[in-house]
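Peer 1: quick one, structure for this:
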Amino acid sequence: MDNSIKVSERVRSIDIFRGLTILLMIFVNDVAGVRNIPGWLKHAEPGSPGMTFVDVVFPAFLFIVGLALPYAFARREKNDPLKSLTVHILIRTAGLLAIGLLMLNGPAVTSMSAAGWNLIMYLGVILFWGSWSEKENKPGIFFILKWLGALLLIVMLVLFRRNGENGSAWIQTGWWGILGEIGFAYLISSLLYLLFRDKPLLLFIVPFFCVLLYIADRSGQLDFLGRIKDIFFIGSHFGTHVLITFSGLLCGHFLIRAKREKKRDVLMEMGLFALLLLLAGFALYGLYGIDKIAATPSWALYSSAICVVLFMLIYWISDIRGKELGYGFFKPVAVNPLLAYLLHVMFIYVFRLIGIAGFYGTELGSGIIGILRAMVYTGFIYLLTRLLTRAGLRLRL
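Peer 2: Down below sits the predicted model:
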């Protein structure tokens, strides 16, 4: 089948959805520390019977990873057919897991200033994984920057120590951080897509098995795995997180296999898929309820359905009706999401180093002032990402 039309053109709705998700993630992460704000601006309390829009932001991140996968794979196979997709998937996963672990452990460093260690670490990550559009003209300079980043990361790893149960400890696994969770979902979803992409029926069975895997984990049927089960959080990382990512992947699969004149038919397929997700979430609600922290099936299914419906709306307005819908605004963040995400955490440590963290967290940390602060901070990260993107910097794993 010839996918050249779909691969060569950019689907604007995917960029809009990705850009919107990144900006919302920066905002909700920053507003999380604000006191005296409405409950819908924070995660729902564990055990509560519902969810807030904040509980859907991380699923939207997972969803967009899956949504873009069919296009990314088709484009890579077209441009570099001899390069192994499996090797690319493994390398990218390793990068996400490594950065996720660094971000997870960074706040706990005790062998030196936590702010200093984290700032150097983030600079090392950006330099090492950075790709510059001008590197063909000055390859020597960018080669030096890349390996300077590697050197910074090595030195920080050598210096890293944290308090442990039996004295000082080195890097430890935990919940793997946001990027680590995305890494696991990306790995499993990518490999399953490569295995089943020519067998559409099997693709639709994957979410069903994700739910079964979560139930098996919660019911103790995977206890025979011992320590492995506790390290990798199989029920969420390989179950419900993959379910959300694969829901996005199925939508991307609908799009890339549709002909240009069939766009409205794709909307009908997505609408039916969203309805099935909602019904499944409702049917499983009595099992574990809705809990983002526990990554329950109903949370994953409802979140996936919301993401499908939101993407349908964006796709209809942007790609079917041809409306701009802020595409030019979102694109700098959409093409550089990892850079925006890292910058928004890195600058918290910058604030600590220059001595304004107390003012940032206290005087600007309550009520409407705190909400406005989070909005301004999101805008600042957006402008910085836009500037660096225009300068030619991309973060590529």
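Peer 1: number of nearby residues for residue 361?
Peer 2: 18 (other Cβ atoms under 10 Å). The C-beta positions use only the backbone N, C-alpha and C, and glycine is treated the same way.
Peer 1: how about the strands of the stretch 151-300 of the chain, start to end?
Peer 2: In the stretch 151-300 of the chain, the strands defined using DSSP state E, counting those that start in this stretch lie at 162-164, 167-169.
Peer 1: same for the last one, what does it pack against?
Peer 2: If I follow you right, that is strand 167-169. strand 162-164 (3 or more Cβ pairs under 8 Å, 6 or more residues apart in numbering; DSSP states H and E).
Peer 1: buried residues, the strand it packs on. List them.
Peer 2: residue 162 (16 or more other Cβ atoms under 10 Å).
Peer 1: helices and strands around it, which ones?
Peer 2: strand 167-169.
Peer 1: so who does the residue nearest the centre of the chain touch?
Peer 2: The centroid of the chain falls nearest to residue 61 when counting by Cα atoms, centre = their mean (4.1 Å). Residues in contact with residue 61 (Cβ atoms under 8 Å, 6 or more residues apart in numbering) are 21-22, 25, 178, 182.
Peer 1: for the helix or strand hosting it, the distance to its chain's centre please.
Peer 2: Here residue 61, judged by DSSP states H and E, is contained in helix 57-79. Relative to the centre of its chain, helix 57-79 is centred 11 Å away, using Cα atoms, centre = their mean, to the nearest Å.
Peer 1: now do that helix, average pLDDT.
Peer 2: Helix 57-79 shows a mean pLDDT of 92.
Peer 1: could you do stretch 34-41 as well?
Peer 2: Stretch 34-41 comes out at a mean pLDDT of 90.
Peer 1: likewise for stretch 355-375?
Peer 2: 85.
Peer 1: and it, what's buried?
Peer 2: 360-361, 364-365, 370-371, 373-374.
Peer 1: do the same with stretch 113-122
Peer 2: 114-115, 117-122.
Peer 1: how about stretch 323-343?
Peer 2: 325, 327, 329-334, 336-343.
Peer 1: which one of the contacts of residue 61 has the most neighbours?
Peer 2: Of the contacts of residue 61, with other Cβ under 10 Å as the count, residue 22 tops at 28 neighbours.
Peer 1: check it and give its pLDDT.
Peer 2: pLDDT, read off for residue 22, is 97.
Peer 1: for stretch 230-244, measure first residue to last.
Peer 2: 21 Å (Cα to Cα, to the nearest Å).
Peer 1: mean confidence score for it?
Peer 2: 95.
Peer 1: need the residues that contact that stretch.
Peer 2: With Cβ under 8 Å, 6+ apart, stretch 230-244 has contacts from 59, 62-63, 66, 173, 175-176, 181, 184-185, 188-189, 192, 206-207, 210-211, 213-214, 216-218, 222, 225, 228, 294-297, 299-301, 303-304, 307.
Peer 1: just the buried ones from the residues you listed?
Peer 2: 59, 62-63, 66, 173, 176, 181, 184-185, 188-189, 192, 206-207, 210-211, 213-214, 217-218, 294-297, 299-301, 303-304, 307.
Peer 1: re earlier: buried set for the helix holding residue 61?
Peer 2: Buried residues in helix 57-79 (16+ other Cβ under 10 Å): 57-74.
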